[in-house]
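S.K.: The following comprises the amino acid sequence and a computationally predicted model.
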Protein chains: 2
Amino acid sequence: MSPSPNDLTPVAIPEPTLKRLPYYYKFIQGQREARREFVSCTTLAEALGLNAIQVRKDLQATGAVGRPKVGYHVEATLDAIEECMGYHNTQDIFLVGAGHLGQALLAYPGFSEFGFNVVAAFDSDPAKVGTEFAGKPILEASRLSDLVRRMHIQIAILAVPATAAQTVTDTLVQAGIRAIWNFTPTRLAVPKEVLVQDENLLASLSVLSKQLENSRVKSHKESTHGKPEEL
Amino acid sequence: MSPSPNDLTPVAIPEPTLKRLPYYYKFIQGQREARREFVSCTTLAEALGLNAIQVRKDLQATGAVGRPKVGYHVEATLDAIEECMGYHNTQDIFLVGAGHLGQALLAYPGFSEFGFNVVAAFDSDPAKVGTEFAGKPILEASRLSDLVRRMHIQIAILAVPATAAQTVTDTLVQAGIRAIWNFTPTRLAVPKEVLVQDENLLASLSVLSKQLENSRVKSHKESTHGKPEEL
DNA sequence: TCCATATCGATAAAACCTTATCGAAACTCC
DNA sequence: GGAGTTTCGATAAGGTTTTATCGATATGGA
Ligand SMILES: NC(=O)c1ccc[n+]([C@@H]2O[C@H](COP(=O)([O-])OP(=O)(O)OC[C@H]3O[C@@H](n4cnc5c(N)ncnc54)[C@H](O)[C@@H]3O)[C@@H](O)[C@H]2O)c1
Ligand SMILES: NC(=O)c1ccc[n+]([C@@H]2O[C@H](COP(=O)([O-])OP(=O)(O)OC[C@H]3O[C@@H](n4cnc5c(N)ncnc54)[C@H](O)[C@@H]3O)[C@@H](O)[C@H]2O)c1
């Protein structure tokens, strides 16, 4: 296949951009409710505390087009983001590990907004198996493999204890899972065609704490600028 | 203050590095339990599915030093990471919003491992106020401001509904909070000296889903390489 | 109608993060 | 003791993401 000039292969959108798009989407939805027809990068940037140029680049990545001095058409831009992010195509998802965190995720109604549908949870605890949580059935963990296969589930949420993380992962992979949203603090070993998105909450909190310490050192340095106040 | 050559201001450690350090820490702890005295970047990289050079750079950022052909001293490196990340200095933290997600966080024992101590939760729901969850008291939301001030709390976890996010944030900021770990899908407006770490779960899942779609397109393209099977 | 201004798109520059290269150190085995 | 090999640290090269620049375009008011 020669590289034709109108090769429609979409250049992969940078992950930071993908993470910001939901914010734009939500804000522009608000603009629609306020009966605004257009929204500019400047407005978006100001509302979200971002850089206007960055917002423009991000929107460009979705295929949305704007008009100078006017901005982006609200409806068209919402469509562009939906299309780009695939909010239309609903995805069925399994959750493994219906513990504290798993139940919070089961109870969360927000997923459907972006086309996600958590259809069932799996747990190894006999006390939980057979019950429902937030209207979702909790099934016996041993059925996971079979159901992933039969229902062609592509995405799984991993919320089991760290000790079970790799074992469950292996099961999922063998059953043909394509992507894992991993809440355990474990780096999963998977074949390269399987995607993993790590959600290491503890690591994120550590980052925040460390940045806080940095900022303390910095502001302290600034405030004592040249004056050895203590020591 | 002239920029002295031996300025000990630590160069800020990149966020990606900070997020990886907990993985190294955990793995090296395992090595200690296995009575190993040294660990090499190669080993770490292989176990965690990372690039050895990256691991080396990350460890260098913590101040750990290694020996050629031998690797890094397990104890010394654990110390270096602890020191660098501040796992020693325990931080008292407040949680605001003891709903599904908030309760999962309250129940999580892992925080203490890295020196975090969630001391109390705050909620506006009278049914929850006055109760305990996982041994942590749930207090009346109106007391938040006063207690942040009096207890010099620096970090807050925000797990309230999106509609309450900015209001609660304003309260926290006025009370002198320094950092917010934000689980709401809202971009918070805060003064620049206040740090915010966004944990937008829905956005992360969207990223995964989008990458999955990309990989599908790619592999499909590869498999039909040059043959217009459909169309 | 024309000018001032806001905003877009394209392109370039800067900052940041990841990966590669290479000499030197330290261990093993012969 | 020396050859071979692994690994480190430093530095450079490569990529990616963010920010800046600039000409072009659309709008509103003089
Ligand atoms: N709760 C939090 O706030 C939090 C924070 C950060 C990280 N995490 C991580 O998320 C994961 C889950 O945390 P949690 O607090 O929900 O733990 P939890 O113990 O409350 O829940 C774990 C659930 O997994 C089930 N389980 C165990 N082995 C299983 C298996 N092989 N197959 C299926 N189910 C199995 C258990 O029965 C339990 O219901 C852990 O890895 C934890 O480290 C949780
Ligand atoms: N549950 C999830 O899995 C999940 C996933 C992604 C994002 N989130 C976000 O996390 C946040 C919390 O989600 P949740 O599922 O726990 O919601 P939830 O409704 O279960 O809990 C919210 C809690 O906040 C309390 N609250 C409301 N207003 C308050 C105020 N002004 N001050 C103090 N407390 C107040 C409520 O009483 C309730 O207990 C939401 O913003 C949600 O969008 C949750």
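M.R.: Thanks, I have the structure now. Ligands and ions are numbered 1, 2, ... in the order given.

S.K.: Quick check: which element contains residue A:157?
M.R.: For residue A:157, the element it lies in under DSSP states H and E is strand A:155-158.

S.K.: Which strands or helices does the next helix-or-strand element following that strand pack on?
M.R.: Elements were assigned by DSSP H and E; along the chain past strand A:155-158, the next helix or strand is helix A:162-174. Helices and strands touching helix A:162-174, by 3 or more Cβ pairs under 8 Å, 6 or more residues apart in numbering or on different chains; DSSP states H and E, are helix A:144-151, strand A:155-158, strand A:179-182. Where you see a C-beta, it was placed from the backbone N, CA and C, and this is true even at glycine.

S.K.: Measure how the first one sits relative to helix A:162-174, angle-wise.
M.R.: What it means is helix A:144-151. 30 degrees (axes from the mean of the first three to the mean of the last three Cα atoms, to 10 degrees).

S.K.: Could you give me the buried positions within helix A:144-151?
M.R.: Of the residues in helix A:144-151, A:144-145, A:147-148 count as buried by neighbour count, 16 or more other Cβ atoms under 10 Å in any protein chain shown.

S.K.: Repeat that for stretch A:114-128.
M.R.: A:114-116, A:118, A:120-124, A:128.

S.K.: Mind checking which of those land in strands?
M.R.: Using DSSP state E, the subset of those located in strands is A:116, A:118, A:120-123.

S.K.: residue ranges with poor pLDDT in chain A?
M.R.: For chain A, residues meeting the criterion pLDDT under 70 lie at A:1-10, A:221-231.

S.K.: rerun that using 90 as the cut-off
M.R.: A:1-11, A:216-231 (pLDDT under 90).

S.K.: Just the buried residues of stretch A:13-27, please?
M.R.: Along stretch A:13-27, these residues count as buried under the neighbour rule (16+ other Cβ under 10 Å): A:13, A:17-27.

S.K.: quick check, it touching DNA strand C?
M.R.: No: remark: stretch A:13-27 sits outside contact range of DNA strand C, by Cβ under 7 Å from any atom of the strand, the gap being at least 10.3 Å.

S.K.: any idea how far the single longest helix found in chain A is from the chain center?
M.R.: Ranked by residue count and defined by DSSP state H, the top helix of chain A is helix A:201-223. Using Cα atoms, centre = their mean, to the nearest Å, the mean C-alpha position of helix A:201-223 is found 25 Å from that of the whole chain.

S.K.: Can you get me a residue count around residue A:79?
M.R.: Neighbour count of residue A:79, defined by other Cβ atoms under 10 Å in any protein chain shown: 16.

S.K.: Ok, the one 3 residues further on next?
M.R.: The burial metric for residue A:82, expressed as a neighbour count using other Cβ under 10 Å, is 17.

S.K.: what about residue A:85, distance to ligand 2?
M.R.: When distances are taken as Cβ to the nearest ligand atom, to the nearest Å, residue A:85 and ligand 2 turn out to be 16 Å apart.

S.K.: May I see the buried residues of whichever strand or helix holds residue A:58?
M.R.: Using DSSP H and E, the secondary-structure element containing residue A:58 is helix A:52-62. By neighbour count on 16+ other Cβ under 10 Å, the buried set for helix A:52-62 is A:55-56, A:58-59, A:61-62.

S.K.: Which residues does the strand holding residue A:157 contact?
M.R.: By Cβ atoms under 8 Å, 6 or more residues apart in numbering or on different chains, the surrounding residues in contact with strand A:155-158 are A:91, A:93-97, A:102, A:105, A:116, A:118, A:148, A:165, A:168-169, A:172, A:177-184, A:188, B:205, B:208-209, B:212.

S.K.: Output it as CSV, restricted to C-alpha atoms.
M.R.: Listed in CSV are the C-alpha atoms of strand A:155-158, where the atom choice follows Å, rounded to 0.1, in the frame of the first residue of the first chain:
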residue,chain,number,x,y,z
ILE,A,155,-12.0,-4.3,28.5
ALA,A,156,-11.7,-5.4,32.1
ILE,A,157,-11.3,-3.5,35.3
LEU,A,158,-8.9,-5.0,37.7
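
S.K.: now, the most widely separated pair of the buried residues of helix A:144-151?
M.R.: Maximum pairwise distance among those (Cβ to Cβ): 7.4 Å, between A:145 and A:147.

S.K.: Can you pull the domain assignment for chain A?
M.R.: A:8-85, A:91-202 (automatic domain parsing).

S.K.: ok, the last one near DNA strand C or not?
M.R.: What it means is domain A:91-202. No: counting by Cβ under 7 Å from any atom of the strand, no contacts exist between domain A:91-202 and DNA strand C, the nearest distance being 12.5 Å.

S.K.: what's the span of that domain from first residue to last?
M.R.: By Cα to Cα, to the nearest Å, the extent of domain A:91-202 from end to end equals 28 Å.
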